[in-house]
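1. show me the folded form of this:
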Amino acid sequence: MARPMQRRTNTKVKVIIWGAGGHAKVVGETLRLMGGWEISGFLDDISPERWGKQFCGSQILGGSDILSAQHAAGITNLALGVGDCKARLGMAALCRRLGFSLVTAIHPRSTVSPEATVGEGTVIVAGAVVNPSAKLGCAVIVNTCASIDHDCTIGDGVHIGPGAHLAGQVEVGECAWVGLGALVREGCRIGNGAYVGAGAVVLDDVPAGVLAYGVPAKVVRQL
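-> Modelled structure (predicted):
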């Protein structure tokens, strides 16, 4: 899938953000700065006492049980605002089944090569860089000032944390997490569901389903 064009029109299209925490704030601001999106509200499955209250310039409408009603009312675009990788990927699957279009949010102060591909529901925030021939899957987060260099392959549901940097031809498996400020050497592979800790320096492949951290990064335990 080619990188989607950022929506910049005079007519605003309504969108719901699923999530109502810190990451949802970032997604909301990104959509507003892109232009063309009107945030109809947020969904919060964690704290029902927040339903109906103001949040981030809009309102918390309720939980995910109102998704079908919102779709029936004509709001068919949804952005994912949750940081947890497995949860986010499951949410994406449910939204597709209900007929929603997953919005790809690309901050105007990020740098994304036109030769990169970006999957639906992915969020690329301020200061991030995605270089040529990088391939990002569905529901990926490329967080603040992170970078993904040429020819990287990023699986569905991955979170590249703030300030993390991937050199060229890195592969990151589905639902893996690359933590704050981590560095990954060119050509390394990070397995599905692996967690690379903050500040780690990855010089060798990281197996699936493990926690690895340190300089150089070592496998600490199974997850």
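
2. find the nearest non-adjacent residue to the residue positioned nearest the centre of the chain, please.
-> The C-alpha lying nearest the average C-alpha coordinate of the chain belongs to Ile141 (C-alpha atoms, centre = their mean; 2.5 Å). Nearest residue to Ile141, sequence neighbours excluded (C-beta to C-beta, 6 or more residues apart in numbering): His159, at 4.5 Å. From N, CA and C alone the C-beta is placed, and that goes for glycine too.

3. who are the contact partners of the one you found?
-> Gly83, Cys85, Val140, Ile141, Asn143, Ala176, Trp177, Val178 (C-beta atoms under 8 Å, 6 or more residues apart in numbering).

4. make sure Leu166 is actually in contact with Ala176.
-> No. With contact defined as C-beta atoms under 8 Å, Leu166 does not count as touching Ala176 (11.3 Å).

5. comparing those two, which shows the higher neighbour count?
-> Leu166 (28 against 24; other C-beta atoms under 10 Å).

6. which helix or strand contains Lys86?
-> Using DSSP states H and E, Lys86 maps to helix 85-97.

7. any idea how far the helix or strand just after that helix is from the middle of the chain?
-> Per DSSP H and E, the first helix or strand lying C-terminal to helix 85-97 is strand 101-102. The chain centroid and the centroid of strand 101-102 are separated by 13 Å under C-alpha atoms, centre = their mean, to the nearest Å.

8. stretch 154-169 too?
-> The answer for stretch 154-169 is 10 Å, by C-alpha atoms, centre = their mean.

9. any idea of the mean pLDDT for it?
-> Regarding stretch 154-169, the rounded mean pLDDT is 98.

10. ok, back up a step: OK, contacts around the residue nearest to the centre of the chain?
-> His23, Gly83, Arg88, Thr122, Val123, Val125, Val158, His159, Ile160.

11. and Ala20, by the same measure?
-> Counting by C-beta under 8 Å, 6+ apart, Ala20 touches Phe42, Leu43, Asp44, Ile46, Ser47, Arg50, Phe55, Cys56, Ile60, Gly81.

12. how close does the residue lying closest to it once chain neighbours are set aside sit to Cys145?
-> Spatial nearest neighbour of Ala20, excluding adjacent residues (C-beta to C-beta, 6+ apart): Asp44 at 3.8 Å. Shown here: Asp44 relative to Cys145, a distance of 28 Å by C-beta to C-beta, to the nearest Å.

13. the closest residue to Thr11 other than its chain neighbours and Asn77, how far apart?
-> Leaving aside its sequence neighbours, Thr11 sits nearest to Gly36 (C-beta to C-beta, 6+ apart; 7.3 Å). Applying C-beta to C-beta, the value for Gly36 to Asn77 is 11 Å.

14. these two: who's more crowded?
-> Asn77 (19 against 15).
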